[in-house]
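K.L.:
My questions are about this predicted structure, shown below with the sequence.
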Amino acid sequence: MSAAGQLTYTLELELSETGDVIFTRPGDVEDTVWRRFKAHWGAEILAEDHGGFVTSASTFLAGKEWLRAGWTALGNEYGARLSQDVIDLVQHEKSVVDLWKRSCGDELKAEKVSLADLGLRRDLTSFQERDLSNLLAMRAGANFSVPGAGKTTVTLSLWARLRRDGLVNKLAVIAPKSAFEAWTEIEPAEVFADPPVTYVFKGKKIPTNIELLVCNYEQLEDEQKVLRLADWIAKGDAMLVLDEAHRVKGGGRDGPMARL
């Protein structure tokens, strides 16, 4: 550190054009210090050279506390400078987490949904109304209720509400084949007074009248099928649902959802 007390080792962080986080190494930092800091990110590093390394945004957000524990806590001469887009990324994550905590704490009051207004046949339980209300308050959400709690009913009700409000039009569901019948036949017929036109995607051209499309995860391994499905989702202003979402965990940038 200089006599003026200025930071000597300033770690620079910025977003790449693809949304990844670039860590730029201070040129004069000791190799042992840098290796120890970099080791925290380990196998999650996407690329690296002498000038720094790159991680995905999600990896950075999950381990961002290491900026303090593994860098700035080393002494006054260690600092970090985040670009505005990285600051925005952190602030957005905080707002989402805060909203999620409020939801889990039942601070989001359930909005009474008119079933007649949505064209639904099935009455929602109080728990389903709570889940629906919480999901309506989020840009994206997840429902981890126990099996048999009616997650599919809540999801279809959510779609009906968003569709009525003009926020989405069609519905795309990625699900295991064992769930196809529930999504295309059983649940739509029991939930809606006027069931939507459903379709099981097999990679071919999708008929224009389809309202609810179901696709299994294995089909996302085919790039041409993914392009066709993505085009339908975009042009149809479709809401995207992942049934048994743990199936997308593997694969990283080469996994099914990265392709979609």
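P.N.:
Happy to help now that I have it.

K.L.:
low-scoring pLDDT stretches of the stretch 1-150 of the chain, where are they?
P.N.:
Residues of the stretch 1-150 of the chain that meet the criterion pLDDT under 70 lie in 1-7, 99-116.

K.L.:
all strands for the stretch 151-260 of the chain, in order.
P.N.:
Here the stretch 151-260 of the chain has its strands, by DSSP state E, counting those that start in this stretch, at 171-174, 198-200, 212-215, 239-242.

K.L.:
a markdown table for these, including mean neighbour count and distance to Ala160?
P.N.:
Using the backbone N, CA and C atoms, a C-beta is placed for each residue, glycine as well. Converted to a markdown table, the strands of the stretch 151-260 of the chain look like this (neighbours: other C-beta atoms under 10 Å; distance: least, C-beta to C-beta, whole Å):
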| stretch | mean neighbour count | distance to Ala160 |
| --- | --- | --- |
| strand 171-174 | 25 | 9 |
| strand 198-200 | 17 | 14 |
| strand 212-215 | 23 | 11 |
| strand 239-242 | 18 | 10 |
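
K.L.:
where does the residue sitting nearest the centre point of the chain land in three-state SS?
P.N.:
In the chain, the C-alpha nearest the mean C-alpha coordinate belongs to Ala140, at 6.9 Å (C-alpha atoms, centre = their mean). Classification of Ala140 using DSSP: H, G, I helix; E, B strand; the rest coil returns coil.

K.L.:
do you know how far it is from Thr152?
P.N.:
18 Å (C-beta to C-beta, to the nearest Å).

K.L.:
hmm, back to that, which one, of the strands of the stretch 151-260 of the chain, ends up nearest to Leu67?
P.N.:
With C-beta to C-beta as the criterion, Leu67 lies closest to strand 239-242 of the strands of the stretch 151-260 of the chain, at 30.8 Å.

K.L.:
Name the surrounding residues that touch the closest one.
P.N.:
By C-beta atoms under 8 Å, 6 or more residues apart in numbering, the residues outside strand 239-242 that reach it are 155, 158-159, 162-163, 168, 170-175, 233, 248, 257.

K.L.:
next one: stretch 42-53
P.N.:
12, 20, 22-25, 38, 41, 54-56, 59, 63, 253.

K.L.:
From the opening residue of that stretch to its closing one, how far?
P.N.:
11 Å (C-alpha to C-alpha, to the nearest Å).

K.L.:
With stretch 72-89 instead?
P.N.:
Stretch 72-89: ends 20 Å apart by C-alpha to C-alpha.

K.L.:
so who does the closest residue to Pro196 other than its chain neighbours touch?
P.N.:
Of all residues not flanking Pro196 in the chain, Glu211 sits nearest, at 3.8 Å (C-beta to C-beta, 6 or more residues apart in numbering). Shown in contact with Glu211 (C-beta under 8 Å, 6+ apart): Lys170, Leu171, Pro196, Val197, Thr198.

K.L.:
my guess is the third one contacts Leu171, does it?
P.N.:
Yes: with the criterion set as C-beta atoms under 8 Å, Pro196 and Leu171 qualify as a contacting pair; they are 7.4 Å apart.

K.L.:
what sits against Tyr9?
P.N.:
With C-beta under 8 Å, 6+ apart, Tyr9 has these contacts: Pro26, Asp28, Val29, Val33, Glu77, Tyr78, Gly79.

K.L.:
Out of those, who's the most crowded?
P.N.:
Tyr78 (22 neighbours; other C-beta atoms under 10 Å).

K.L.:
May I have the phi/psi pair for it?
P.N.:
The phi/psi pair for Tyr78 (degrees, to the nearest 10) reads phi -110, psi 120.

K.L.:
Make 263 the first number, not 1, from now on.
P.N.:
Sure, I'll start numbering at 263, so the last one becomes Tyr340.
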